[in-house]
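Colleague: what's the 3D shape of this:
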Amino acid sequence: MKYLITLLAITLLTATTAFANNTPEAKTMTVESIEIFESVAYDNGSEVIEFSTLQTMSTVQIYNAAGEITFVLPVGSDNVQINKNLFEKGEYKLGFILAGQSEVHFSTVSLN
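Modeller: Numbers count the residues shown, from 1 in each chain. Just a heads-up that it's a prediction; the model follows:
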């Protein structure tokens, strides 16, 4: 678990650095780690966040700051890529539902 947290911290720092640009508005993205993740990574080239879980996901739900579902993504895999263009500036909750389970595991994504 310590290794996962360290890896996530390094990944987030890399993603934050990758978002830096020459425009006055710098953007950073942070993702809260939860126990179902094997890894979380941001690919600057394709601008996607890649979530790998220890078990197969059936669905990922994206909630806005008001708690409303803005997007539902059927997955059926232990790996999902979500494009950054689904997120505007702000904080979002991502709900991960694993295959065969009804419990929703929440993580937070913040884009500043």
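
Colleague: so where do the strands sit in this protein?
Modeller: In the chain, strands defined by DSSP state E lie at 29-31, 37-43, 48-63, 69-83, 90-98, 104-111, listed in chain order.

Colleague: Return the list of helices and strands in contact with the last one.
Modeller: When you say that, I think you mean strand 104-111. Secondary-structure packing of strand 104-111 (3 or more CB pairs under 8 Å, 6 or more residues apart in numbering; DSSP states H and E): strand 29-31, strand 90-98. All C-beta atoms are positioned from the backbone trio N, CA, C, and that covers glycine.

Colleague: give the contact list for Gly76.
Modeller: 56-58, 99 (CB atoms under 8 Å, 6 or more residues apart in numbering).

Colleague: of these, buried ones?
Modeller: Buried residues within the contacts of Gly76, defined by neighbour count using 16 or more other CB atoms under 10 Å: 57-58.
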